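Engineer: coordinates only, no sequence provided:
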Ligand code: BTN
């Protein structure tokens, strides 16, 4: 089926909200014959959709496939621009890499790159991000904010809030945020966020926000070195989550927060971020590339930078580090 027609058909089912759509209505909507409609329905079945077909009444989708693709993300997406352009590939080296290329070629704000598997997923501080098949969300989002370079860390914090809100919406979990962008449940890492930039002098061309979310992994899915420090939604909530629905919620929460950020600035985002933060007002160790620093995490400044009060009373600004609480 041509992708345009398939999107239109899925869009029609999404708008019907589980009600039956008659073959006649679908054929008028798609501008094709009833036989062609039947063929499109058969193709959806082959892709793993389950559909109810009732004579003289029509069709409705009863189950979506347990995989992600542009279709599943699009079906039920209610944003106006986040995720309206989807670049999906079954397997990639890194969604960040593709997003960088697309951004250089002029991809629109809100474009997302999603894959079922990454062979060289990138983490912060040059680490590798474990990204096995069909279990997680490996996604990069392209933004084009007109903000100074110094304010771009704010977007990482915004992303963390959006993801926490989406997880709270779709699951029973109540995740915490550890500065700058680790999302934890019961002290173990559930989500990692990697923000990268394309900029020249002080002009930001694009911000690429990579999100790695462990969704349906079993504990023994993780390699030994991650066993004690990583977790997934399925492990913590005791049941699997619908990854496409989670992506839709992340995009929706992100869009709302991003619009708020562009109109009202960082203040409301900072307040939300602080309400989820576990590292604040605690003594922490910040491990940077240049060594470790111990102090009390007294807050974040207006740029989203962590402020650490050392024993000598100095306030140190931490731009990039691993934090041990
Ligand atoms: C971290 O180290 O905590 C950040 C991990 C970010 C991983 C995501 S998965 C999607 C995107 N593509 C990548 O290669 N990395 C990010």
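Structural biologist: Looks like it came in fine. These numbers were taken from a predicted model, which means no experiment stands behind them. Residues are numbered from 1 along each chain as shown.

Engineer: residues near the closest residue to residue 207 other than its chain neighbours, how many?
Structural biologist: Counting by CB to CB, 6 or more residues apart in numbering, the nearest residue to residue 207 once its immediate chain neighbours are dropped is residue 143, at 4.5 Å. The C-beta positions use only the backbone N, C-alpha and C, and glycine is treated the same way. Counted with other CB atoms under 10 Å, the neighbours of residue 143 add up to 23.

Engineer: just the one 10 residues further on next, same as before
Structural biologist: By other CB under 10 Å, 21 other residues sit near residue 153.

Engineer: tell me the spacing between it and residue 314.
Structural biologist: Between residue 153 and residue 314 the distance is 21 Å, computed by CB to CB, to the nearest Å.

Engineer: next one: residue 84
Structural biologist: 47 Å.

Engineer: before we move on, what about residue 24?
Structural biologist: Residue 24 is 74 Å from residue 314, by CB to CB.

Engineer: cool, and residue 298?
Structural biologist: When residue 298 is compared with residue 314 (using CB to CB), they lie 11 Å apart.

Engineer: neighbour count: these two, which is higher?
Structural biologist: Regarding residue 298 and residue 314, a neighbour count based on other CB under 10 Å identifies residue 298 as having more, with 14 against 10.

Engineer: can you confirm the more buried one is in a strand?
Structural biologist: Yes: assessed by DSSP: H, G, I helix; E, B strand; the rest coil, residue 298 belongs to a strand.

Engineer: find the nearest non-adjacent residue to residue 324, please.
Structural biologist: residue 285 is the one closest to residue 324 (CB to CB, 6+ apart), at 4.4 Å.

Engineer: phi, psi of the one you found?
Structural biologist: phi -110, psi 120 (degrees, to the nearest 10).

Engineer: partners of it in the sheet?
Structural biologist: Counting by DSSP bridges, residue 285 forms beta bridges with residue 294, residue 324.

Engineer: can you count the residues close to it?
Structural biologist: 14.

Engineer: and it, what does it touch?
Structural biologist: Taking CB atoms under 8 Å, 6 or more residues apart in numbering, we find residue 285 in contact with 292-294, 323-324.

Engineer: quick check: it vs residue 291, distance?
Structural biologist: Distance from residue 285 to residue 291, by CB to CB: 11 Å.

Engineer: anything in the longest helix along the chain near the ligand?
Structural biologist: When the chain is scanned for its longest helix (criterion: DSSP state H), the result is helix 243-264. No: using CB under 6 Å from any ligand atom, helix 243-264 never reaches the ligand; the gap is at least 11.8 Å.

Engineer: for that helix, packing partners?
Structural biologist: The contact analysis (3 or more CB pairs under 8 Å, 6 or more residues apart in numbering; DSSP states H and E) places helix 243-264 against helix 70-74, strand 136-143, helix 153-170, helix 267-276.

Engineer: pLDDT score for the closest residue to residue 176 other than its chain neighbours?
Structural biologist: Spatially, and ignoring its direct neighbours in sequence, residue 176 is nearest to residue 278 (4.2 Å; CB to CB, 6+ apart). Residue 278 is assigned a pLDDT of 90 by the prediction.
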